[in-house]
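Peer 1: Need the 3D shape of this:
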Amino acid sequence: MRGRSRSSPQGFRPSTTYVVQDWIAKQGFVAAGLGVTLLPALAADSVRADITLVAIHPDDVPHRAIYAATPRGLAQSPATAAFLAQLRETATELTANGPHGR
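Peer 2: Residues are numbered from 1 along each chain as shown. Modelled structure (predicted):
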């Protein structure tokens, strides 16, 4: 079930009171005790000092689609083609081994 943990208690229904797009605002809401938010690993180093990061269970880690942006209508350079091939190879390895190399 998307967005719900397999380990959630029976009948649990999360309540969404606020929807905030800005990371600074999200951290402010968390620091004020108004809720929790998911934070991508790339942003973990810039978290506020008054917020605690808690690892989520690996089974509950959301999957994300990641895209490479290239200019429309232009032929790919050899460097771009090689880079995209490397990205695809790495993505295949990560998918096979899990995000933590399992």
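
Peer 1: where are the low-confidence patches of this protein?
Peer 2: Along the chain, the parts satisfying pLDDT under 70 run over 1-9, 98-102.

Peer 1: most distant residue from the middle of it?
Peer 2: Within the chain, the residue lying farthest from the chain centre (C-alpha atoms, centre = their mean) is residue 75, at 30.8 Å.

Peer 1: Next, it: phi, psi?
Peer 2: Torsion angles at residue 75 (phi, psi; degrees, to the nearest 10) stand at phi -70, psi 140.

Peer 1: Would you quantify the distance from it to residue 68?
Peer 2: Distance, residue 75 to residue 68, by C-beta to C-beta, to the nearest Å: 15 Å. (Glycine included, C-beta is placed from N, CA and C.)

Peer 1: what's the answer for residue 24, then?
Peer 2: Counting by C-beta to C-beta - residue 24 and residue 68 are separated by 27 Å.

Peer 1: again with residue 50
Peer 2: The spacing between residue 50 and residue 68, counted by C-beta to C-beta, is 36 Å.

Peer 1: what do you get for residue 45?
Peer 2: Counting by C-beta to C-beta, the gap from residue 45 to residue 68 is 24 Å.

Peer 1: cool, residue 57 as well?
Peer 2: Applying C-beta to C-beta, one obtains 30 Å for the distance of residue 57 from residue 68.

Peer 1: Count the residues that sit near residue 26.
Peer 2: Applying the criterion other C-beta atoms under 10 Å, we find 21 residues in the vicinity of residue 26.

Peer 1: Alright, calling it a day.
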